[in-house]
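# predicted structure and sequence below. I'll ask about it afterward.
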Amino acid sequence: MTRTIITTTNAPAPIGPYNQAVQAGNMLFISGQVCIDPATGNLKNKDVQEETHQVMHNLKAILQQAGMDFSNVVKTTIFITDMNRFAEMNEVYGKYFKTNFPARETVQVSALPKFVNVEISMIAIK
């Protein structure tokens with residue numbers, strides 16, 4: 001099976017030993033994204049909604065680099081530091097999908113990289 005590394009400057013560069021995404025055959029595995037603005041390198045974390053929008057913009061950029069969009073996403077994993085903020089995150093997240101929502105789990109964690117509140121990873125099929 002062919003394995004292709006997907007990278008774009010329209011999403012943050014990895015902050016560790018991993019890639020933005022790896023495509024294996026027709027499946028795309030996107031690493032967890034946080035609210036780093038790729039243009040400035042700064043966090044966009046005024047609130048959970050702003051964080052989630054930036055995370056989704058980063059994911060969209062990676063999907064586009066692989067020739068896909070949110071309609072190709074079959075699975076997401078969401079990490080959030082406070083489940084009491086779930087509704088705020090979910091309202092923004094839901095705006096990026098039109099129909100046929102992907103499977104998903106949401107997990108509360110004690111901390112995330114750069115001490116953000118939301119991280120999301122995805123699996124997509126072309």
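Arrived safely, thanks for sending. Residues are numbered from 1 along each chain as shown.
# what strand or helix carries the residue nearest to Q65 when sequence neighbours are not counted?
In space, and not counting its chain neighbours, Q65 is closest to T8: 4.0 Å by C-beta to C-beta, 6 or more residues apart in numbering. Backbone N, C-alpha and C define where each C-beta goes, glycine included. Remark: T8 resides in no helix or strand, with elements defined by DSSP states H and E.
# and F70, what does it touch?
K60, L63, Y96, F97, K98 (C-beta atoms under 8 Å, 6 or more residues apart in numbering).
# min pLDDT across those residues, which one?
pLDDT is lowest at K98 among these; the value there is 89.
# that one: neighbouring residues, count only.
Burial of K98, expressed as a neighbour count using other C-beta atoms under 10 Å, amounts to 9.
# tell me where the chain has strands.
Using DSSP state E, the strands of the chain run over 3-6, 21-24, 27-33, 73-80, 103-108, 118-125.
# how about JSON lines for these, with distance to E50, mean neighbour count and mean pLDDT added?
Converted to JSON lines, the strands of the chain look like this (distance: least, C-beta to C-beta, whole Å; neighbours: other C-beta atoms under 10 Å; pLDDT from 0 to 100):
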{"stretch": "strand 3-6", "distance to E50": "25", "mean neighbour count": "12", "mean pLDDT": "97"}
{"stretch": "strand 21-24", "distance to E50": "23", "mean neighbour count": "18", "mean pLDDT": "98"}
{"stretch": "strand 27-33", "distance to E50": "14", "mean neighbour count": "20", "mean pLDDT": "98"}
{"stretch": "strand 73-80", "distance to E50": "14", "mean neighbour count": "19", "mean pLDDT": "98"}
{"stretch": "strand 103-108", "distance to E50": "18", "mean neighbour count": "12", "mean pLDDT": "98"}
{"stretch": "strand 118-125", "distance to E50": "10", "mean neighbour count": "22", "mean pLDDT": "98"}
